[in-house]
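Enquirer: quick one, structure for this:
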Amino acid sequence: MEVITRFAPSSTGHLHLGHAYSAWLGWQRARISGGNFLLRLEDIDSTRCKPEFNNSILEDLRWLGLDWDGDIRVQSDFLPDYRAALQKLDARGVLYPCFCSRSEITRALAAPHGGEQKYPGTCRHLTLGERKARAAEGGNYAIRLNVELALEAVKDFGFYEEDIGYIDGRPETLGDVVLGRRANKASYHLCVVHDDAAQKVTHVTRGQDLFDATHTHVLLQRLLGLPTPTYAHHPLITDADGRRLAKRDGAATLRGMREAGVSAATVLGQLRVVDRQNATL
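Expert: Reported below is the predicted structural model:
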């Protein structure tokens, strides 16, 4: 089987060392096996994604010497495809509208409900009449996956984790995730599942912080009749205080390193050291 890996950063900021690690692992896997390494730009968040970040991502990858195969897939070019996927899930009866505001959800999460920090299903049990009345009021609303109904429709949602083996899926971990909005704007969870299948990705390498999301993604793959790749979730690179690198925290960027005179060879050397350390965990 031909190995097809991908790197799919969001266009919400400059890449940092953690992104470089994911990209390098996927690139290396493809190059060693003689497969393909694909690049996808996840830019559906129109409020946070900027064209200049797309350009920065390409510059950083080229600077590191990481090339890719084929055309770059840009998510905003495929919005009709995501709407069609939403309609397919709706036809299976596993979606519902959520009218909760961010503040209402925050208050609900702060209340005791088993200690789980996930949407408590406030709108899941609204009647059809109540949903129609709320929708008629206008305004935007979220479209959520009804995990309870989805688990009734799908019985097998396990997946293979590289170096570990078969893992029993736990899609209930994240609960009723948002898959879209009234305005047909799709969410990360739906788009990544659709795109991995569209690009025929066979192996997904990404950070451990997305391990729980993988359980939800596999459930969506089963519901949509899509193939499930083999997954590998690598440990996160942390800063000197042990905190995961994140754009929102101003993590040191590859662009900043480059402008400071750090060489690509030095960065790649750091990634190799991290990889050797992770191999001993």
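
Enquirer: and residue 53, what element?
Expert: helix 51-64 (DSSP states H and E).

Enquirer: tell me the helix or strand right after that helix.
Expert: Next in line after helix 51-64, if elements are assigned by DSSP H and E, sits strand 73-74.

Enquirer: coming back round to it: got the CA positions of the helix holding residue 53 in CSV?
Expert: Taking Å, rounded to 0.1, in the frame of the first residue of the first chain, the C-alpha atoms of helix 51-64 are listed here in CSV:
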residue,chain,number,x,y,z
PRO,A,51,-3.6,35.0,3.8
GLU,A,52,-0.2,36.1,5.2
PHE,A,53,-0.1,33.1,7.5
ASN,A,54,-0.6,30.8,4.5
ASN,A,55,2.4,32.4,2.9
SER,A,56,4.4,32.2,6.1
ILE,A,57,3.7,28.5,6.4
LEU,A,58,5.0,27.8,2.9
GLU,A,59,8.1,29.9,3.6
ASP,A,60,8.8,28.0,6.8
LEU,A,61,8.4,24.6,5.2
ARG,A,62,10.7,25.5,2.3
TRP,A,63,13.3,26.9,4.7
LEU,A,64,13.3,23.6,6.6
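
Enquirer: chain center to it, what's the gap?
Expert: Put simply, helix 51-64 sits 19 Å off its chain's centre (Cα atoms, centre = their mean, to the nearest Å).

Enquirer: cool, and stretch 40-59?
Expert: Here the centre of stretch 40-59 is set off from its chain's centre by 15 Å, with Cα atoms, centre = their mean.

Enquirer: that one: end-to-end distance?
Expert: 14 Å (Cα to Cα, to the nearest Å).

Enquirer: burial of residue 87, as a residue count?
Expert: Residues near residue 87, counting by other Cβ atoms under 10 Å, number 11. Bear in mind the C-beta positions are built from the backbone N, C-alpha and C, glycine included.

Enquirer: going forward can the numbers begin at 606, since that is how I track them
Expert: In the new count, where the first residue is 606, that last one comes out as residue 692.

Enquirer: check which helices and strands the host helix or strand of it is in contact with.
Expert: Using DSSP H and E, the element containing residue 692 is helix 684-696. If you count contacts as 3 or more Cβ pairs under 8 Å, 6 or more residues apart in numbering; DSSP states H and E, helix 684-696 packs onto strand 783-786, helix 793-803, helix 816-829.

Enquirer: export these to a markdown table and tack on distance to residue 694, mean neighbour count and mean pLDDT?
Expert: Output for those, formatted as a markdown table (distance: least, Cβ to Cβ, whole Å; neighbours: other Cβ atoms under 10 Å; pLDDT from 0 to 100):
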| stretch | distance to residue 694 | mean neighbour count | mean pLDDT |
| --- | --- | --- | --- |
| strand 783-786 | 7 | 20 | 93 |
| helix 793-803 | 8 | 21 | 97 |
| helix 816-829 | 6 | 21 | 97 |
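
Enquirer: for residue 756, which of those is the nearest?
Expert: Among the helices and strands packed on helix 684-696, the nearest to residue 756 by Cβ to Cβ is helix 816-829 (7.6 Å).

Enquirer: tell me the helix or strand right after that closest one.
Expert: The C-terminal neighbour of helix 816-829 among helices and strands, as given by DSSP H and E, is strand 835-839.

Enquirer: next structured bit after that following strand?
Expert: Tracing the chain C-terminally past strand 835-839 and defining elements by DSSP H and E, one meets helix 859-864 next.

Enquirer: ok, and for that following helix, which residues are buried?
Expert: 859-860, 862-863 (16 or more other Cβ atoms under 10 Å).
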